[in-house]
Structure formats: C-alpha cells, structure tokens
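Q: dropping the sequence and predicted coords here.
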Amino acid sequence: MTLIEKPSRLPEAIGLALKNAFPQLSLGTHLDAQGPGVLISIERNGPGFRSMDGRKAHALTVLLKVNVPAGSAPFDACDLASQVMDLALDNRWGLPPDQCDLPTNIVAAPSTSSIAETDYDTWTVSFTQTLYLGPSLLEDPTGTPLFARTWEVSNIDDPDQYRPLLE
C-alpha cells in the first residue's frame with residue numbers, strides 16, 4: 001500500500017468504497033437530482049495523538065450527506081443512510097491500517113435546512129476517523145534509535161531533543 005501523505009486521501013478512499021458498494025449512487029460535490037447520491041465532505045481536521053511509531057495524527061470529522069429525490073417513499077433517505085453507516089462501521093476504506101484508525105462516533109440524523117426545518121429526504125452520516133500521516137519516525141535514516149521522555153524535554157516534537165537509546 002502507498003504511504004498516506006495528506007488528509008485528502010480519506011475522502012478519495014471513501015468515495016471509491018461507496019462507488020463500489022453502491023454503484024447507483026451519485027458521488028461528489030453536486031448531487032444528481034434524479035437519483036440518490038452522497039456528498040462527501042470533511043467538516044473538521046484537528047490534531048490527534050501521535051501513532052506508536054511517531055506519525056502525526058489528524059482526527060478528521062467526515063460528513064456523508066445522503067440525499068434521495070423529492071417525492072421518494074418516506075424514510076428512503078433514512079434507509080440509505082443506515083446502509084452507508086453500516087459500510088462505515090469498521091471500515092478503513094482500503095487505506096493502510098497502521099495509518100488509518102477505524103471510524104468512531106458514527107451517527108446518522110436527518111439534515112436541517114437553513115430555516116431550521118428537518119429535511120427527511122436528506123440525512124447526514126457523520127463520524128471521526130484518524131489518519132497518521134507521513135513516514136514512521138522509527139525509520140531513522142542514521143539507523144540509531146532515538147527516544148525522549150516527555151518530562152525531560154520542552155518540546156516532544158523537536159528531534160534535536162531526542163537522544164540515542166543506548167545513552
């Protein structure tokens with residue numbers, strides 16, 4: 001698998017998985033008014049705890065806005081949102097497991113419009129998923145394992161404050 005270098009890999013991978021699971025869905029930023037679709041977006045990107053191998057963590061809040069055409073059967077969007085939620089459960093979207101945690105805090109709810117009315121033709125599946133970006137810090141180019149104790153350094157992210165393991 002290729003190394004994840006940027007957060008945009010997550011929505012790309014989610015889109016591919018959704019297309020494979022639901023080929024009838026429109027995906028992207030503009031939904032087809034004639035058929036069901038999913039809008040994939042990232043609402044937040046915040047820091048997370050570094051991985052065990054030192055990669056920086058990005059905790060991404062993902063929104064999958066599920067839409068069915070107006071006039072669909074009642075709760076069709078709810079049913080589709082449930083299927084999308086089931087797909088998201090325990091899914092790393094084909095990304096490397098050491099760089100992509102499983103989704104957490106998965107919720108599906110009807111969307112609200114700008115006038116605060118509930119829109120039952122549009123549901124939003126939201127969850128948080130953490131990506132660990134870049135190469136592992138354990139792959140030190142000098143071949144010398146380095147470490148630092150958080151209570152002994154002023155900045156754990158400063159490699160100059162690390163020292164050889166055998167010291």
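A: All right, it came through fine. Everything numeric in this text was worked out from a predicted model, so none of it was measured.

Q: ok, the residue nearest to Pro135 when sequence neighbours are not counted to Val62 distance?
A: Closest residue in space to Pro135, ignoring its immediate chain neighbours: Leu3 at 6.6 Å, by CB to CB, 6 or more residues apart in numbering. The way it works is simple: take the backbone N, C-alpha and C, and place the C-beta from them, glycine included. Computed as CB to CB, to the nearest Å, the Leu3 to Val62 distance reads 21 Å.

Q: just Val107 next, same as before
A: Computed as CB to CB, the Val107 to Val62 distance reads 11 Å.

Q: so for the two, which sits in the more crowded spot?
A: Taking neighbours as other CB atoms under 10 Å, Val107 and Val62 compare with Val62 leading, 20 against 10.

Q: Ala21 and Asn91, how far apart?
A: Computed as CB to CB, the Ala21 to Asn91 distance reads 10 Å.

Q: of those two, who's got more company?
A: It is Asn91, of Ala21 and Asn91, that has more neighbours when counted by other CB under 10 Å, with 19 against 13.

Q: got any residues that touch both of Val107 and Val62?
A: Here Val107 and Val62 have 126-127 as joint contacts, going by CB atoms under 8 Å, 6 or more residues apart in numbering.

Q: what's the per-residue pLDDT of the nearest residue to Val153 once chain neighbours are set aside here?
A: By the measure of CB to CB, 6+ apart, the closest residue to Val153 outside its immediate chain neighbours is Gln161, 4.1 Å from it. Here the pLDDT value assigned to Gln161 is 87.

Q: which strands border whichever strand or helix holds His58, and is each parallel or antiparallel?
A: Per DSSP states H and E: His58 is located in strand 56-67. Strand 56-67 has its sheet partners listed here by DSSP bridges as strand 37-47 (antiparallel), strand 118-133 (antiparallel).
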